[in-house]
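Enquirer: need a structure here:
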Amino acid sequence: MLTLGFGEIIPQVFYNGENIGGFNLTNGSKGISPIDNVGLFGKTLGPFDLDWKYLIFVCLAALMVFISLRIRSGRLGRAWLAIREDELAASMMGVPLMRTKLAAYAVGAFAGGLGGVAFATHVNGVYAERFNFTISIFLLAMVVLGGMGNVWGVILGAFILSWVNGNGLTAFGQLYNEQFGTEVDFASFTFLLFGLVLILMMLFKREGLLPES
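Expert: Numbers count the residues shown, from 1 in each chain. Model prediction:
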């Protein structure tokens, strides 16, 4: 609950941070735009150099997958798993709870910051409206659908829901409306679909599509 509350407070700080005691902290709803171009091997990448950016994003994603897999098989990862399964038993076995939980926040902040910078270069700016609660729900649905605790499962869940949210639901709506002569806007039911996915997965397959071994 604390994390959700914090996630609701931060967007308001960004929205209203244009005048804090006369100091412009966040530039309000206008955000930071445009941002500086990316310099890579003597080449300057602007907002439309999508091929190079795609390569960079793939490398960053591969780096984070590698880090996640290595951490998971190490001492810190096993401590996280122990705390997740039974916090009391983990503490009795000598796992330092506070330090281990803070490490989880630190690693998550590093990964989120890296992804945030990559996303900012993609959209050529940092905007306050991007910090909304629906993003958290979207990410949660990816984890639950793919398989909580399984790196490859989370990647699968991210691919599926990103495709559904980006093109799949719209394409299905067009096909359905052409077949039955209706005008149903399926794209407007995106979060209804995500809610149903979360409920059904929790009821019938709470381990996800690719369960943790």
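Enquirer: contacting residues for the residue positioned nearest the centre of the chain?
Expert: Note on the chain: the residue nearest the mean C-alpha position is residue 139, at 4.5 Å, using C-alpha atoms, centre = their mean. The neighbourhood of residue 139, defined by C-beta atoms under 8 Å, 6 or more residues apart in numbering, contains no residues. Quick note: C-beta positions are derived from backbone N, CA and C, even for glycine.
Enquirer: How about residue 156?
Expert: Taking C-beta under 8 Å, 6+ apart, one finds 146, 147, 209, 210 in contact with residue 156.
Enquirer: Tell me the backbone dihedrals of the residue in the chain sticking out farthest from the centre, please.
Expert: Residue distances from the centre of the chain (C-alpha atoms, centre = their mean) peak at residue 181, which lies 36.7 Å from the mean C-alpha position. Here the main-chain torsion angles of residue 181 (degrees, to the nearest 10) amount to phi 60, psi 30.
Enquirer: ok, now which ones touch residue 164?
Expert: Per C-beta under 8 Å, 6+ apart, neighbours of residue 164: 190, 193.
Enquirer: so it, which of the three states?
Expert: Remark: residue 164 carries the secondary structure label helix [criterion: DSSP: H, G, I helix; E, B strand; the rest coil].
Enquirer: Model confidence at it, what's the number?
Expert: The predicted local distance difference test score for residue 164 is 86.
Enquirer: Then residue 30?
Expert: You'll see residue 30 listed with a pLDDT of 84.
Enquirer: Was I right to think residue 34 contacts residue 47?
Expert: Yes: applying C-beta atoms under 8 Å as the test, residue 34 and residue 47 come out as touching, 7.4 Å apart.
Enquirer: Looking at the two, which is more packed in?
Expert: residue 47 (15 against 10; other C-beta atoms under 10 Å).
Enquirer: Pull up the per-residue confidence for the closest residue to that one other than its chain neighbours.
Expert: With C-beta to C-beta, 6 or more residues apart in numbering as the criterion, residue 47 has its nearest non-adjacent residue at 4.2 Å, and that residue is residue 124. Residue-level confidence at residue 124 comes out at 84, pLDDT.
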